[in-house]
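In: coords below, sequence missing:
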């Protein structure tokens, strides 16, 4: 929900991975918010009707399990394991990694939707004065990590490396695929069958 226009799609609920303005447009607004749909996030925000979640729950027939991610030292972040029937999808926003105690939740995923802010191996990862990591890992690192859990990765939330030349960006991503792993690039209006 990085742009207010997203609300025009009238989703029945929204899962926010973290409260940075490119994922939650309202962070830079001065007013409080009463969203017209259910909005779930890893932490509260001012005077809004955001529901803070850290435990599995069921919404609209989907079982949703929040999975903590490492991304920022200032806000909490999490991805979401979304299950319905036999289908298992994992969605993560920006991330460096997932704590190892949560890796067991990732086995047998039908697909993973993840970020592509940086293509270079290692991404842009820094340490604060306490030694805690923050930033984004690189696309090759995400491929290496998630290939243990799925055969289908879908990339979104592209950095300037991709936006400058989407055709070249798609070629870079597809160059990391092999017979055991499908890599796709998300686009507005594009649908995937899982």
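Out: Received it, and whenever you're ready, just let me know what you need. Remember, it's a predicted structure, so these values are computed and weren't measured experimentally.
In: Residue 75 contacts residue 43, correct?
Out: Yes - in this structure residue 75 lies within contact range of residue 43 using C-beta atoms under 8 Å: 6.7 Å. Any C-beta I mention is one placed from the backbone N, CA and C, and that applies to glycine too.
In: Tell me which of the two has more neighbours.
Out: Of the pair residue 75 and residue 43, residue 75 is the one with more neighbours under other C-beta atoms under 10 Å, namely 18 against 15.
In: distance of that one from residue 131?
Out: Residue 75 is 18 Å from residue 131, where distance means C-beta to C-beta, to the nearest Å.
In: now residue 153
Out: 30 Å.
In: Between these two, tell me which one has more neighbours.
Out: The neighbour comparison of residue 153 against residue 131 (other C-beta under 10 Å) goes to residue 153, with 27 against 6.
In: and the next element down the chain from the one helix or strand the more buried one maps to?
Out: If you go by DSSP states H and E, residue 153 is part of strand 152-158. Once strand 152-158 ends, the next helix or strand along the chain (criterion: DSSP H and E) is helix 160-163.
In: Rounded mean pLDDT for that following helix, please.
Out: Taken as a whole, helix 160-163 has a mean pLDDT of 97.
In: swap in stretch 98-107?
Out: 98.
In: Can you tell me the closest non-neighbouring residue to residue 159?
Out: residue 117 (4.1 Å; C-beta to C-beta, 6 or more residues apart in numbering).
In: The one you found contacts residue 156, correct?
Out: No - with contact defined as C-beta under 8 Å, residue 117 does not reach residue 156; the gap is 10.1 Å.
In: And these two? Which one has more around it.
Out: residue 117 (23 against 15).
In: Would you mind listing the residues in contact with the more buried one?
Out: By C-beta atoms under 8 Å, 6 or more residues apart in numbering, residue 117 lies in contact with 94, 123, 124, 136, 157, 158, 159.
In: can you check residue 98 too?
Out: By C-beta under 8 Å, 6+ apart, the residues touching residue 98 are 67, 68, 69, 70, 79, 92, 106, 145.
In: Keep only those of those that are in helices.
Out: residue 145 (DSSP state H).
In: which of the contacts of residue 98 has the most neighbours?
Out: Highest neighbour count within the contacts of residue 98: residue 79, with 28 neighbours (other C-beta under 10 Å).
In: For stretch 81-101, measure first residue to last.
Out: Distance across stretch 81-101, first residue to last, is 15 Å (C-alpha to C-alpha, to the nearest Å).
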